[in-house]
Every structure is written in C-alpha cells, then in structure tokens.
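> Pasted the sequence and its predicted model underneath.
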Amino acid sequence: MRGGGTAPGGGGSNEMDIWEAARSCVVKKAIDGVPGMKALLLDDVTSKIVSLVCSQSEALSMQVYAVDKLDNPLRKPIGGFRGVCFIRSTPETIRVLCRELSDPKFESYHLFFTNSLPDHLLKDIAQADKKQVRCACMIKLRVGHARVARRPSALFVSRH
C-alpha cells in the first residue's frame with residue numbers, strides 16, 4: 001500500500017508504506033551502507049525487489065558500477081570492488097553463494113538476506129570461504145515477508 005494505506009486491522013492510525021520500508025532496507029542499509037565501489041549481486045527474487053525500489057541512476061550515485069545475478073558463471077574478477085549480495089536465504093541460493101565465495105571475484109563481500117539464516121547454512125558459508133575473503137557483515141533485512149508481484153492494471157485504492 002503506497003501513499004497512505006493502513007495496516008490490516010488498523011483503524012487508519014497505523015500508516016504502512018511497504019515500498020518505503022523495502023526501500024529503506026535495500027537502499028539505505030544494503031547499498032548505501034557499504035562504502036566504496038560496489039557490484040550488486042542478486043537472485044531472481046531480489047532483483048525484482050531492487051528494481052522496484054532503486055533506479056539505475058540512484059544506484060550509480062551510490063557507487064554501484066555493476067549489477068549481476070549471483071549465479072552468473074561468466075562473471076570476471078573486479079579488483080577494488082566490494083560485492084554486495086542481497087539474496088534470499090534458501091538452500092539453493094546459499095549453495096550458489098558458497099560457489100562464489102570459494103572462487104571470489106571481489107575484495108570483500110557484504111551479505112544481506114531477506115529472511116533469517118539457519119545456523120547450518122551459516123556454517124556452509126563459513127566453510128566455503130576457504131580463501132578467507134572478508135565477509136564484512138551479515139544482516140537480515142527486515143523487509144517483512146516481501147513478495148513481488150505484478151500489480152494488476154485494474155487495482156485501485158479507495159479512500160473514504
């Protein structure tokens with residue numbers, strides 16, 4: 001609900017702006033919170049979230065010079081860049097992350113997850129980092145249980 005919708009069950013006093021909440025988590029914490037030149041690594045779902053809350057020009061202004069899917073096997077190393085991973089904490093995505101960390105392309109990695117990361121998956125990540133790449137931070141971004149769906153053209157909000 002963008003622009004003044006109310007939270008479910010609310011009496012109109014609990015303003016809820018899902019877009020701004022997602023934007024705050026992704027843009028302010030994950031992207032802008034990492035200093036220096038960055039490459040943004042995403043999965044299939046998080047790429048849709050990022051495209052909704054951050055324009056390419058805005059990302060460029062925050063020194064994001066590359067955006068790529070985490071599972072791209074053709075990615076070349078980029079010296080001096082930090083890899084900012086905004087991904088889901090699913091077993092498959094973590095397997096792909098582990099492959100990336102076992103053959104790192106960036107000087108450091110900053111890991112942000114859309115949900116909690118179970119201990120066994122965290123252990124998998126630590127074991128995959130054989131070259132001891134600096135994983136600067138691991139944060140669960142509280143976007144809620146954000147799911148991205150196309151907005152139907154007939155959708156409208158009525159404010160009485």
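Done, it's in.
> What segments of this structure are helices?
18-23, 44-53, 56-61, 91-102, 119-128 (DSSP state H).
> do you know which of these lies nearest residue 73?
Proximity to residue 73, assessed across the helices of the chain by CB to CB, is greatest for helix 91-102 (8.6 Å). All C-beta spots, glycine's among them, are computed from the backbone N, C-alpha and C.
> helices or strands up against that closest one?
strand 82-87, strand 108-113, helix 119-128 (3 or more CB pairs under 8 Å, 6 or more residues apart in numbering; DSSP states H and E).
> Please identify the deepest-packed of those.
strand 82-87 (a mean of 24; mean count of other CB atoms under 10 Å).
> Can you list the strands that it pairs with?
Strand 82-87 has the following strand partners under DSSP bridges: strand 38-42 (parallel), strand 108-113 (parallel).
> so what's residue 121 closest to, chain neighbours aside?
The shortest distance from residue 121 to any non-neighbouring residue, by CB to CB, 6 or more residues apart in numbering, is to residue 94 (4.7 Å).
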